[in-house]
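1. coordinates for the following, if possible.
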Amino acid sequence: MPDDGKMEQRRLGSRTGLRVSSFALGTGRLGTTRDGGSDAAAARCALERFADAGETLTDTSSAYQQGRAESLVGDFLGGAGRDRCVVASKYGRTPLAAPPPASVGAHRKAMRVEVEGSLRRLRTDYLDIYMPHFDDGETPTDEIVTGLDDLVRAGKVVHPGLSNFPAWRIASASMLAELRALASIAAVQLEYGLLSREADREHLPLAVAHGLGVMGYSPLAGGALTARLKERLETRHDGRGADDPIADALVTIGSDLGCEPSAVALAWVVAHDVIPILGPRDADQLAGSLAAAGVRLSPAQVEVL
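-> Numbers count the residues shown, from 1 in each chain. Just a heads-up that it's a prediction; the model follows:
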């Protein structure tokens, strides 16, 4: 059932003592406007609302809004206090519109160049979590693992992670770090939600086995699930529309718990020990997602979904 809506703190996996909020604030769309510009005031309002709700974990990337997203977060950190926040960022896509070939990818050169840019834009001297944004299919695993370890030893990164990597490469990287006494892979980032459950097959069991924290982006399928819920709510009373068992279950459980169906969908992700990465454009969009922080599903409700 819903509680006071304050975010709980949890350990990031079992291989770290780092405590983070049960939700993360994604910055890919934060502060953007319909014409593609950035609204700094709207972004700051959303960041403040998230912090006021007890949030600690913010997820960004050098590529989001050509680096503007990191700058917006950095402006906020300058006033809020760096140590209050846990910042995760990613490299490999670069903020440059036309990057030179050697600057793109998961390799050590890209890692070295991009971490300096991210630190500068974020106005900090360290990142709590840092990871390649994608597996480029070329860089050897040991180059990635040793490169991230170098950044940890240099004090620029606290915990390494991997984003959008196949399960076998994550397992390889985790074991390689352990065997060579390098900085442990602490977290993975992947797509996860009721409409995207591929991670159930290998990634989530792997995360449990290796003690990795899991951050799941697009928990509402980029708005697709929200659209289905809206359509279902509009048609369920007059019998129109095709059958949609997922939407029906979310609506029913939401009614039972006294919350929005979308909040139930986010609570389902949390129930699977995955940290949902919320992707609002502004504080108003964020407010609806924050309501899910107080929703607790019973084992029976999780099973139904």
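
2. touching, residue 18 and residue 86? I think so.
-> Yes: the criterion here is CB atoms under 8 Å, and residue 18 meets it with residue 86 at 6.9 Å. C-beta: built from backbone N, CA, C; applies to glycine.

3. tell me the secondary structure for residue 297?
-> Assigned by DSSP: H, G, I helix; E, B strand; the rest coil, the conformation of residue 297 is coil.

4. so what's the residue lying closest to residue 272 once chain neighbours are set aside up against?
-> Nearest-residue entry for residue 272: residue 204, 6.9 Å, with adjacent residues in sequence omitted and distances by CB to CB, 6 or more residues apart in numbering. Contact analysis of residue 204 by CB atoms under 8 Å, 6 or more residues apart in numbering lists 214, 272-274.

5. separate out the buried members of those residues.
-> Using 16 or more other CB atoms under 10 Å as the burial test, the contacts of residue 204 include 214, 272, 274 as buried.

6. so which of those residues would you say is closest to residue 141?
-> Closest to residue 141 out of the buried ones among the contacts of residue 204 is residue 214 (19.4 Å), distances taken as CB to CB.

7. okay but the closest one is in contact with residue 187, surely?
-> Yes: using CB under 8 Å, residue 214 makes contact with residue 187 at a distance of 7.2 Å.

8. shared neighbours of these two, anything?
-> Jointly contacting residue 214 and residue 187 under the rule CB under 8 Å, 6+ apart are residue 13.

9. circling back: just the contacts of residue 204: which are in strands?
-> If you go by DSSP state E, the contacts of residue 204 have residue 214 in strands.

10. returning to that earlier point: and for residue 18 and residue 86, which residues touch both?
-> If you check residue 18 and residue 86 against CB under 8 Å, 6+ apart, the residues they both contact are residue 128.

11. chain center to stretch 276-287: distance?
-> Computed by CA atoms, centre = their mean, to the nearest Å, the chain-centroid distance of stretch 276-287 equals 12 Å.

12. so how far is the first residue of it from its last?
-> The straight-line separation of the ends of stretch 276-287 (CA to CA, to the nearest Å) is 15 Å.

13. average pLDDT across it?
-> Taken as a whole, stretch 276-287 has a mean pLDDT of 90.

14. contact partners of it?
-> Outside stretch 276-287, the residues within contact range by CB under 8 Å, 6+ apart are 23-26, 28-32, 39, 42-43, 45-46, 48-50, 59, 189, 192-193, 215-219, 222, 266, 269-270, 289-290, 292.

15. buried stuff in it?
-> Buried residues in stretch 276-287, counted by 16+ other CB under 10 Å: 276-283, 286.

16. can you list the low-confidence ranges for the chain?
-> The chain contains residues with pLDDT under 70 at 1-7, 33-38, 236-242.

17. biggest helix in it by residues?
-> Looking across the chain with DSSP state H, the single longest helix is helix 108-122.

18. what about the helices in the stretch 151-300 of the chain?
-> Remark: helices assigned in the stretch 151-300 of the chain by DSSP state H, counting those that start in this stretch are 167-179, 203-210, 224-235, 245-257, 261-271, 283-290, 299-304.

19. tell me the angle of the second one relative to helix 167-179?
-> Using axes from the mean of the first three to the mean of the last three CA atoms, to 10 degrees, the inter-axis angle of helix 203-210 relative to helix 167-179 is 10 degrees.

20. in helix 203-210, what's buried?
-> Neighbour-count burial for helix 203-210 [16+ other CB under 10 Å]: 203-204, 206-207, 210.

21. then stretch 247-255?
-> Residues of stretch 247-255 classed as buried under the neighbour-count rule (16+ other CB under 10 Å) are 247, 249-251, 253-254.

22. do stretch 64-77 as well
-> By neighbour count with 16+ other CB under 10 Å, stretch 64-77 contains the buried residues 64-65, 67-77.

23. who's in contact with that stretch?
-> The contact list for stretch 64-77 (CB under 8 Å, 6+ apart) reads 27-28, 30-32, 38, 40, 43-44, 47-48, 58, 60-62, 85, 87, 89, 95-97, 117-118, 121-124.

24. take those and keep only those in strands.
-> Here DSSP E is the test, and the contacts of stretch 64-77 give 58, 87, 89 as lying in strands.

25. ok, back up a step: give me the subset of the buried residues of stretch 64-77 lying in helices.
-> 68-77.

26. middle-most residue in the chain, spatially?
-> residue 277 (3.5 Å; CA atoms, centre = their mean).

27. run through the bridge partners of it.
-> residue 24 (DSSP bridges).

28. thinking again about what came up before, of the buried residues of stretch 247-255, which is the nearest to residue 180?
-> Within the buried residues of stretch 247-255, the smallest distance to residue 180 is 45.3 Å, found for residue 250 (CB to CB).
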